[in-house]
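Novice: With the input below, show me the fold.
(one chain, ligands or ions: 1)
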Amino acid sequence: MLSKGFKPFDPLWLAKVTEEIVCNGDSRKYTSFYATGVYGGIATGYAVGCCLRCFFCWSNWSRDFPELYGKFYSAEDAYKNIAKAARIWNVKRARISGCEPTLCRDHLVKLLEYFERDNRIELFILETNGIMFGTSKNYVKEISQFEKVHVRVSLKAGYAKAFTARTGAVQEAFTIPFEAIKNLLKYNVRFHVAAMTDPRIMPKDERVELIKKLIDINEVVAANLEEEICDPYDTTIVRMYIYGIDPVAIFKRKPELH
Ligand code: SF4
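Specialist: Sure thing, here's the model as predicted:
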């Protein structure tokens, strides 16, 4: 996780070393399978591993210590576990959460093939930070074959410097998630954009800049921006504390809208 004076990293490098730990053929590490009330009820596989290190991240410690957490599940077994949670809780939506789902490409594509054939599941929500989709048009093209997939790209910053300060990744990677949006438009994938615009995290001028960048890409995408609020999960508080940000000062303020 980030600490004061950290050295910015290349997120593609972190993706590669993380994949070496959490992916094995078509298997990926997961810590649990369950259903939750978000998105109106959704079956979820909690997978391991991300290529960013956002200080406001709520994911459990498997993000930071992927070698210590989770067990390997083949795409078929992960599908069966998520589908079972969907049956038990009577929900028709599915997703992978707690990580960056686009790591372990072979696993994700096979998992989506299973869901595409499952008539009980209507929608698969693919939440991503946009790093892998912004660096591979081919990957986005492959995802575009799945009719049940709805991608949610989550942006972290409106300026390159702020991107590094929030995620730990080098400033050069700031534009990658915006490239992901262009790729999703190019291949006609169903998606929307979210952004961590919580005013306790992102200043007003940066939010305006982020929205301008989205408008330059596509006005409809910008108009449908989902604005995220940072919640005080235990892991978030510890990450902020270790980074040198006072979580009390952040969370004692109400998350008023911009
Ligand atoms: S907030 Fe998302 S992109 Fe950022 S470190 Fe956590 S899981 Fe990764």
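
Novice: Now do Gly254, the pLDDT please.
Specialist: Actually, residue 254 is Lys. It isn't Gly. Per-residue confidence (pLDDT) for Lys254: 79.

Novice: Equivalent analysis for Cys51, please.
Specialist: At Cys51, pLDDT is 98.

Novice: how deep is it tucked in, by neighbour count?
Specialist: Other residues lying near Cys51 total 25 when counted by other Cβ atoms under 10 Å. (Each C-beta comes from the backbone N, C-alpha and C, glycine too.)

Novice: Pull the contacting residues for it.
Specialist: Pro11, Leu12, Leu14, Ala15, Thr18, Glu100, Leu103, Asn129, Ile131, Met132, Ala169 (Cβ atoms under 8 Å, 6 or more residues apart in numbering).

Novice: and the ligand, which of those contact it?
Specialist: When contact is defined as Cβ under 6 Å from any ligand atom, these meet the ligand at Glu100, Asn129.

Novice: With adjacent residues omitted, what lies nearest to Ala94?
Specialist: In this structure, Ala94 finds its nearest non-sequential neighbour in Ala43, 4.7 Å apart by Cβ to Cβ, 6 or more residues apart in numbering.

Novice: For the one you found, grab phi and psi.
Specialist: Main-chain dihedrals, Ala43, degrees, to the nearest 10: phi -80, psi 140.

Novice: Over to Ser144?
Specialist: In terms of degrees, to the nearest 10, the main-chain angles of Ser144 are phi -60, psi -10.

Novice: pLDDT score assigned to it?
Specialist: 98.

Novice: doesn't Asn188 make contact with it?
Specialist: Yes: contact criterion Cβ atoms under 8 Å: Ser144 and Asn188 qualify, at 6.2 Å.

Novice: More neighbours: these two, which one.
Specialist: Ser144 (17 against 9).

Novice: Much appreciated, bye for now.
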